[in-house]
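[1] just need the structure, nothing else, for what follows:
(2 chains)
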Amino acid sequence: MITALGPVASELGANRVVRGVKIPHPCGDPTLERSRDRALRIGLIRGSLRALATKLDKAEIFEGEAA
Amino acid sequence: MSAAPLRVVHYVNQFFAQLGAEEAARTAFGVREGPVGPGIGLQKALGDGGRVVATMFCGDDTAATDLPGLGAAVEGALRDLGADVVVAGPAFNAGRYGLACGEVCARAVAMGIPAVTAMNVENPGVELYRRRTYVLPTTPTALGMNETLGRLAHFAVRLGRAEPIGAPADEGYYGRGVRKTRILQRRAVDRALDMLAARMGGAPFRTELPLPAVDRADPAPPVADIRGARLAVVTTGGIVPAGNPDKLKQSNSTEWRAYSIDGLERLEPGKFESIHSGYDASAANADPNYVVPIDAMRELERSGAFGAMLPRYYVTVGVGTAVGEARRMGREIAADLRASGVDAVILTAT
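    Residues are numbered from 1 along each chain as shown, chains lettered A, B, ... in the order given. Sure thing, here's the model as predicted:
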């Protein structure tokens, strides 16, 4: 799950959590210039793919990957 | 001889502090003198028992995305305010507000100041904070405001005067997980047989040991081959085709839909919109990929980071949505995902 409320999500049952940007725009940042915003979004999906491929025993919060 | 009125400090969010709705959800923490918004009703309900000397406030987004930061700000404010008791909310079904109220009260309690808040049973703040502060139940919406302020005021005065508080079921607050030993007159075997007879006869009875509703799943095994995996996006952010053709509800959702992204490289603004009433939709309407990140996923699909995207995404609205409804929708969506050969899901939440 990509959400800005990472700790809340993981405490309430979401096991693979990626820390999103902000509540109204978890998958991007409208204050960034277009290409950097796009890179940020790609990084969040990459982080999500890594979380999906990681073996877990309990809930974990992952960060998006740097470009 | 009547006691001096207690010094009550109230906490509200940006909306009840009359600073604006979602567009003001990032208001920084602040303190006002005296009561504000529902604090005025709280003052009335307190009568001579208490005086709302100050109102702390904070934007719901600011609070919920940094609860420790809110707690630190509250601690700093309370050090100078000389509060006898803290009252937060009521938050009803507002999730971010409920979390903030819980954190405010928990921090006060940790400083030795009694505190009480109130919210609906569905509010995530209940589960996260009921063990750390008194949380009173409420109706789902602010229709119950006056009645709730009355209960909060009464409870706050008792806390401020250090009066003993009885069991949750008797006093009307969510269980705090505290065990108090009592000696009962009747033996356990007699009580158990009475309960059994009532249950078999269809009569009401009250269990002495309510089992907690555990709703945790063990982490699913990892995707073995992410480069070959079929992925889908599921969102509670309420992104739908422009015009909301299936008239999905903007809150208290009971339905979900799947919409085609076949052949789409991204979600175009103007072709998709946010109908979610619980967050400021301006960013999502200007670029729906901020909530349903199809553009980034297509790029990674092309570069082989994963196998393929399901040609549709799933959507419901996650504000004021009952846990039971969410559970059912989750099961239904999962069945559809399985039938579609999906290996893994990226969920996005606002």
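
[2] contacts, neighbours, all on C-alpha from now
    Fine.

[3] by contact count, what packs against the helix or strand hosting B:His154?
    Using DSSP states H and E, B:His154 maps to helix B:145-160. For helix B:145-160, the elements it packs on are helix B:38-46, strand B:85-92, strand B:115-119, judged by 3 or more C-alpha pairs under 8 Å, 6 or more residues apart in numbering or on different chains; DSSP states H and E.

[4] swap the cut-off to 6 Å and go again
    The contact analysis (3 or more C-alpha pairs under 6 Å, 6 or more residues apart in numbering or on different chains; DSSP states H and E) places helix B:145-160 against helix B:38-46.

[5] in its sheet, what does the helix or strand just after the helix it packs on sit against?
    Sequence-wise, the next helix or strand downstream of helix B:38-46 (DSSP H and E) is strand B:50-58. Using DSSP bridges, the strands paired with strand B:50-58 in its sheet are strand B:6-13 (parallel), strand B:30-33 (antiparallel).

[6] assign a three-state SS to the residue lying closest to B:Glu325 once chain neighbours are set aside, would you?
    Nearest in space to B:Glu325, with sequence neighbours left out and distances taken as C-alpha to C-alpha, 6 or more residues apart in numbering or on different chains, is B:Thr254 at 5.9 Å. Three-state call for B:Thr254 (DSSP: H, G, I helix; E, B strand; the rest coil): coil.

[7] what number of residues lie near B:Thr254?
    For B:Thr254, the neighbour count with other C-alpha atoms under 10 Å in any protein chain shown is 17.

[8] from chain A, how far out is it?
    Distance, B:Thr254 to chain A, by C-alpha to the nearest C-alpha, to the nearest Å: 20 Å.

[9] how near is that residue to B:Thr235?
    Separation of B:Thr254 from B:Thr235 (C-alpha to C-alpha, to the nearest Å) stands at 14 Å.

[10] just B:Glu22 next, same as before
    With distances taken as C-alpha to C-alpha, B:Glu22 is found 20 Å from B:Thr235.

[11] looking at the two, which is more packed in?
    Between B:Glu22 and B:Thr235, counted using other C-alpha under 10 Å, B:Thr235 has the larger neighbour count: 22 against 19.

[12] do I have it right that the more buried one meets B:Val345?
    No: proximity of B:Thr235 to B:Val345 does not meet the contact threshold set by C-alpha atoms under 6 Å, at 10.1 Å.

[13] kindly provide the distance from the residue positioned nearest the centre of chain A to A:Cys27.
    By C-alpha atoms, centre = their mean, chain A has its centre lying nearest to A:Val18, at 2.9 Å. Noted for A:Val18: a distance of 10 Å to A:Cys27, by C-alpha to C-alpha.

[14] need the longest helix for chain A.
    Counting by DSSP state H, the longest helix found in chain A is helix A:34-52.

[15] list the contacts for B:Thr141?
    By C-alpha atoms under 6 Å, 6 or more residues apart in numbering or on different chains, B:Thr141 lies in contact with B:Phe92.

[16] could you rerun that using 8 Å?
    B:Thr141 makes contact with B:92-93, according to C-alpha atoms under 8 Å, 6 or more residues apart in numbering or on different chains.

[17] then B:Ser253?
    B:Ser253 is in contact with B:316-322, B:325, counting by C-alpha under 8 Å, 6+ apart.

[18] now the buried members of the residues you listed.
    The neighbour count (16 or more other C-alpha atoms under 10 Å in any protein chain shown) marks B:316-322 as buried among those.
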